[in-house]
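# sharing a model prediction with you, sequence too.
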Amino acid sequence: MGGNTKKLIQKYNLRLTKSLGQNFLIDDNVVKRIVDAAQITENDMVIEIGPGVGSMTVELAQRAGKVIAVEIDKKLIPALQENLGEFSNVNIINKDIMDVNINELRDSGQFGNIKVVANLPYYITTPIIMKLLEEENDIGLMVFMVQKEVAQRMTAAPGKKDYGALSVAVQYYTKPEKAFDVPPHCFIPQPEVDSTVIKLNVNETPPVKLMDKDFFFMVVKAAFGQRRKTLVNALYNFKGFQKTKEEIKEILNQLGIDENARGETLSISQFAELSNLLFKCS
Ligand code: SAM
């Protein structure tokens, strides 16, 4: 199981770096199931974030038209190159994904779909996902292995304990769908947490109409920034708004939202209505 990954680690005498989230997959069945979840075909250009020594890259290269593998750690590159030597459809880029402009990776534009597939480094999961969602790009599908709790936050419904700003952002941009859980023994070294593979199907059109997207996310941030406070107090204390409590109550009344409601009970449509009305009155 994952023999090639272990062999490469030994051959190149690699010491895996915890601070870079280097937990490599050694279960070939899990690798196949992740790539299956992404429904990769020759029509796809796949961006893999953090290929490591290529545990998943080989499977991707066998099925995709093109694979672009972006790895931050220079010391892994020779092993990665050896592992992928036979494939002419793989580009290895030694960079931090946070510094990569996804639109510049699309060369000839001959591929119908752009997909991102990654066993993400857990120390930077949310910033990577937010970067990919917020920048204007043509990604249609993302399949990520993440910490189980992060997957729960992404899929959480209003009113649930895991529902927060990440749930709203992910559900605004995509339709998230849990694929399957992965236990720690499928990696070396074993992480201290359970993992989940999640599919994010990017929305062609957002589920709600917003007058101002930045303002919407500011309202969401304010509502969840002070979770224990009522929405009225959370919005009143947030310095982005210049409203009295009475004015905020009036706006909530207009929308039929209980004055004592907390932010975590609001659906995305309610956040949209609230932010549109606050924006109009600002
Ligand atoms: N894909 C491999 C696998 O499944 O075995 C490795 C996954 S490991 C969880 C995460 C990988 O992401 C590591 O190879 C790490 O060096 C790389 N990485 C960490 N931070 C990164 C960043 N900011 N940009 C690109 N790669 C990064």
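Good, I have the coordinates.
# my read: residue 74 touches residue 95, true?
No: look at residue 74 against residue 95 with C-beta atoms under 8 Å: they stay out of range, at 10.1 Å. All C-beta atoms are positioned from the backbone trio N, CA, C, and that covers glycine.
# between the two, which is the more surrounded one?
residue 95 (11 against 8; other C-beta atoms under 10 Å).
# residue contacts, that one?
Residues counted as contacts of residue 95 (C-beta atoms under 8 Å, 6 or more residues apart in numbering) are 70-72.
# the residues you listed also near the ligand: which ones?
When C-beta under 6 Å from any ligand atom is applied, the members of the contacts of residue 95 adjacent to the ligand are 70-72.
# closest to the ligand out of these?
Nearest to the ligand among the ones next to the ligand among the contacts of residue 95: residue 72, at 3.8 Å, using C-beta to the nearest ligand atom.
# pretty sure that closest one is touching residue 94, no?
Yes: counting by C-beta under 8 Å, residue 72 does reach residue 94; the two are 7.5 Å apart.
# the two: who's more crowded?
Taking neighbours as other C-beta under 10 Å, residue 72 and residue 94 compare with residue 72 leading, 19 against 13.
# if we ignore the residues flanking it in sequence, what's nearest that one?
Leaving aside its sequence neighbours, residue 72 sits nearest to residue 96 (C-beta to C-beta, 6 or more residues apart in numbering; 4.8 Å).
# the one you found and residue 130, how far apart?
15 Å (C-beta to C-beta, to the nearest Å).
# same thing with residue 262?
Distance, residue 262 to residue 130, by C-beta to C-beta: 24 Å.
# between these two, which has more neighbouring residues?
Neighbours per residue (other C-beta under 10 Å) separate residue 262 from residue 130, with residue 262 holding more: 19 against 15.
# ok, the more buried one touching residue 224?
No: counting by C-beta under 8 Å, residue 262 sits too far from residue 224 to count as a contact (9.4 Å).
# would you list the ones next to the ligand among the contacts of residue 95 in TSV and tack on secondary structure and pLDDT?
What follows is these, written out as TSV (DSSP: H, G, I helix; E, B strand; the rest coil; pLDDT from 0 to 100):
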residue	secondary structure	pLDDT
70	strand	98
71	coil	98
72	coil	98
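# ok, these vs residue 214, which is closest?
If you rank those by distance to residue 214 using C-beta to C-beta, residue 70 comes first, at 27.6 Å.
# any chance you could map the strands in the stretch 1-150 of the chain?
Ranges of strands in the stretch 1-150 of the chain, per DSSP state E, counting those that start in this stretch, are 24-25, 44-49, 66-70, 90-93, 113-119, 139-147.
# surely residue 182 touches residue 196?
Yes: Residue 182 is within contact range of residue 196, at 7.0 Å (criterion: C-beta under 8 Å).
# quick check: neighbours shared by those two?
Shared contacts of residue 182 and residue 196, counting by C-beta under 8 Å, 6+ apart, come down to residue 145.
# low-confidence regions, the stretch 101-250 of the chain specifically.
Applying pLDDT under 70 to the stretch 101-250 of the chain flags the ranges 107-109.
# mind listing what residue 139 touches?
Residue 139 sits in contact with 47, 102, 114-116, 132, 202, where contact means C-beta under 8 Å, 6+ apart.
# what's opposite it in the beta bridge?
residue 114 (DSSP bridges).
# and the closest residue to the ligand within the stretch 151-282 of the chain, what is it in contact with?
Proximity of the stretch 151-282 of the chain to the ligand (C-beta to the nearest ligand atom) peaks at residue 187, 7.3 Å away. Listed by C-beta under 8 Å, 6+ apart, the contact partners of residue 187 are 23-27, 195.
# buried ones among those residues?
Buried residues within these, counting neighbours by 16 or more other C-beta atoms under 10 Å: 23-27, 195.
# please produce TSV containing the residues you listed, extended by distance to residue 250.
TSV is the format used below for the buried ones among the contacts of residue 187 (distance: C-beta to C-beta, whole Å):
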residue	distance to residue 250
23	51
24	56
25	54
26	59
27	56
195	46
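# quickly name whichever of those is closest to residue 281.
Closest approach between these and residue 281, by C-beta to C-beta: residue 195, at 44.3 Å.
# what about the nearest residue to the closest one once chain neighbours are set aside, neighbour count?
Leaving aside its chain neighbours, residue 195 sits nearest to residue 182 (4.3 Å; criterion: C-beta to C-beta, 6+ apart). Close neighbours of residue 182, defined as other C-beta under 10 Å, add up to 21.
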